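Novice: Just the structure for this:
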Amino acid sequence: MTFTTTIISRTVFGNKKVVMGSTANDGTTGDVITGLASVDMFIPTPLGGTAAEISVDETFPFAGGDISVVAESSVNFGWIAYGR
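Specialist: Residues are numbered from 1 along each chain as shown. So this is what the prediction gives:
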C-alpha cells in the first residue's frame, strides 16, 4: 500500500532543516517523503485523537530523505523531520 504525504511547513532551526507534514495512510507500510537529503530525527504522531502504533523502520542518522514507516491500518499521522 502507499502513503500520500503533504508538506505543511519548512524552516531552518540552527544548522538543521526542519520539515513538518502529514501522511494519509491507505495501508500499513510505506515511505514518508520528507524532501530532505538526510534525516537526523523523525517524529510521527497519530492524527484524529486516536491512540495508534506508528513505528519507523530506519536507523538515524539516515542517509536519505524517504523514511520507511509501519502504521496501524488506515491511521493518518502528522510528523516532523530534522536533517539536511
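Novice: Would you confirm that residue 72 contacts residue 53?
Specialist: Yes. Between residue 72 and residue 53 there is a contact under C-beta atoms under 8 Å: 5.6 Å. Where you see a C-beta, it was placed from the backbone N, CA and C, and this is true even at glycine.
Novice: and residue 20, how many neighbours does it have?
Specialist: For residue 20, the count of nearby residues is 16 (other C-beta atoms under 10 Å).
Novice: Oops, could you answer that again for residue 42 instead?
Specialist: When neighbours are counted by other C-beta under 10 Å, residue 42 comes out with 20.
Novice: what does the one 3 residues further on give?
Specialist: Counted with other C-beta under 10 Å, the neighbours of residue 45 add up to 11.
Novice: now swap in the one 3 residues further on and tell me
Specialist: Residue neighbour count, defined by other C-beta under 10 Å, stands at 8 for residue 48.
Novice: Then residue 29?
Specialist: 14.
Novice: what's near enough to touch the closest residue to it other than its chain neighbours?
Specialist: Of all residues beyond its chain neighbours, the one nearest residue 29 is residue 70 (5.1 Å), with distances taken as C-beta to C-beta, 6 or more residues apart in numbering. When contacts are counted by C-beta atoms under 8 Å, 6 or more residues apart in numbering, residue 70 is found next to 28-29, 54-55, 57.
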